[in-house]
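Participant: Build me a model:
(one chain, ligands or ions: 1)
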Amino acid sequence: MRDNSGHRNKAIGIFDSGIGGLTVAREIFRLLPNENVVYFGDTGRYPYGPRSPEIVRKFARQDVNFLIEQGVKFIVVACNTASSLALEYIKRIYNVPMLGVIEPGARGAIEKTASNRIGVIGTHGTISSKAYDKCLRALDGSLKIYSRACPLFVALAEEGYIDRPATRLIAEDYLRDIKRKSIDTLILGCTHYPLLKKPIADIMGRGVRLIDSAEETARATRQALLESALTSPSAGPGKRQFFVSDSPDKFKKVGQLFLGKKIGKVGLVDINSY
Ligand code: DGL
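Facilitator: Next up is the predicted model:
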């Protein structure tokens, strides 16, 4: 095994198109409280979901350049769209170990399904990339997979429209076809969807388990750090730093909803210079 003793004190870098990756950060903070973390949210160029693969790759590369400048030991691509469209690309360019949210979510779903019928919901970018389908099929060729883009869920979650009649109507419409497929497991393949667990669970019914890729990714991060001897040696709480590419005040305000607690200082980064 590589001697990583010099890297263990360094931070985990997390990036996302904006605020949503805080659902992943929240689970990482919970599971790995002693780790230092640098979070970058690309709020100035959000959303990534409707963009082309080329642009998402370019953005992801700049996000990684910023995190590497912060001296991170490990990078978590918390954004499903960036994981779907850019993870393989950035992994080829950099030496820093990286993890996206797709594989942990796919593995979580395979562990839970009994019927081998799995649903996936996400942004247009994630669903049209077929990243979850490819990953699921590579792990188990016998699976039946049904996907649906649910782009409006992102705005609803950011507006705090969680348990509102409008959210329910939109969710019913989005989930109608997938519900007819008798799946028993549904992957919430977008950073924002864990906030809408309740209406989604109500509509899908008791027989369908929801897979929160944020939780699965936090577990996979811990596992990857352990396997590469990169866990923090510190016994005290880790330092958490937040950076965005626009509107730090809005990030602080809306971010609380995603992180489940107040966010302190937020730095502003000129991401186009990376
Ligand atoms: N973070 C994105 C994802 O998980 C959702 C928001 C966006 O479209 O940028 O796919």
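Participant: what about the stretch 151-274 of the chain, any weak spots by pLDDT?
Facilitator: Low-confidence segments of the stretch 151-274 of the chain, defined by pLDDT under 70: none present.
Participant: For the ligand, what's its nearest residue on it.
Facilitator: Of all residues in the stretch 151-274 of the chain, Thr191 sits closest to the ligand, at 3.7 Å by C-beta to the nearest ligand atom. C-beta coordinates here come from the backbone N, C-alpha and C atoms, glycine included.
Participant: Count the neighbours of that residue for me.
Facilitator: 33 (other C-beta atoms under 10 Å).
Participant: cool, Val96 as well?
Facilitator: Neighbours around Val96, by other C-beta under 10 Å: 18.
Participant: Now it: closest residue in space that isn't a chain neighbour?
Facilitator: Nearest non-adjacent residue to Val96, counting by C-beta to C-beta, 6 or more residues apart in numbering: Ile75, 5.5 Å away.
Participant: Hmm, Val77 and the residue of the stretch 151-274 of the chain closest to the ligand touching each other?
Facilitator: No - counting by C-beta atoms under 8 Å, Thr191 sits too far from Val77 to count as a contact (10.6 Å).
Participant: so what sits against both of those two?
Facilitator: Residues touching both Thr191 and Val77 (C-beta atoms under 8 Å, 6 or more residues apart in numbering): Val101.
Participant: quick one: the helices in this protein?
Facilitator: Counting by DSSP state H, the chain has helices at residues 22-31, 53-69, 80-93, 102-112, 124-129, 131-139, 152-158, 165-179, 197-204, 213-227, 248-259.
Participant: Could you pull up the contacting residues of His7?
Facilitator: Remark: with contacts taken as C-beta under 8 Å, 6+ apart, His7 is in contact with 73, 230.
Participant: mind checking the backbone torsions on it?
Facilitator: Backbone geometry at His7, expressed as degrees, to the nearest 10, gives phi -100, psi -10.
Participant: Let me know whether Arg45 touches Ser245 as I believe.
Facilitator: Yes - counting by C-beta under 8 Å, Ser245 is a contact partner of Arg45 at 6.4 Å.
Participant: Pick out whichever of those two has more residues nearby.
Facilitator: Ser245 (25 against 19).
Participant: picking that back up, would you mind putting the helices of the chain into TSV with distance to Leu186 and mean neighbour count alongside?
Facilitator: Supplementary listing: the helices of the chain in TSV, determined by distance: least, C-beta to C-beta, whole Å; neighbours: other C-beta atoms under 10 Å:
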stretch	distance to Leu186	mean neighbour count
helix 22-31	16	23
helix 53-69	24	19
helix 80-93	14	23
helix 102-112	8	22
helix 124-129	13	22
helix 131-139	11	19
helix 152-158	13	20
helix 165-179	7	15
helix 197-204	6	17
helix 213-227	11	20
helix 248-259	20	18
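Participant: Between the ones you listed, which one is closest to Ser273.
Facilitator: helix 53-69 (8.6 Å; C-beta to C-beta).
Participant: Which positions in this structure make contact with the ligand?
Facilitator: Where proximity means C-beta under 6 Å from any ligand atom, the interface of the chain facing the ligand comprises 16-18, 20, 46-49, 79-81, 122-123, 126, 154, 190-192.
Participant: tell me, what's touching Arg45 and Ser245 both at once?
Facilitator: What both Arg45 and Ser245 touch, as defined by C-beta under 8 Å, 6+ apart, is the set Ile271.
Participant: per-residue confidence at the residue lying closest to the residue of the stretch 151-274 of the chain closest to the ligand once chain neighbours are set aside?
Facilitator: For Thr191, ignoring the flanking residues on the chain, the nearest one in space by C-beta to C-beta, 6+ apart is Gly20 at 2.9 Å. With respect to pLDDT, Gly20 scores 94.
Participant: these two touch, right, Gly20 and Gly189?
Facilitator: No - using C-beta under 8 Å, Gly20 makes no contact with Gly189, being 11.7 Å away.
Participant: circling back: looking at the residues of the chain next to the ligand, which are in strands?
Facilitator: Per DSSP state E, strands hold the following members of these: 16, 122.
Participant: Quick check: nearest residue in space to Pro248, chain neighbours excluded?
Facilitator: Counting by C-beta to C-beta, 6+ apart, Val266 is the residue found nearest to Pro248 once chain neighbours are left out, at 3.8 Å.
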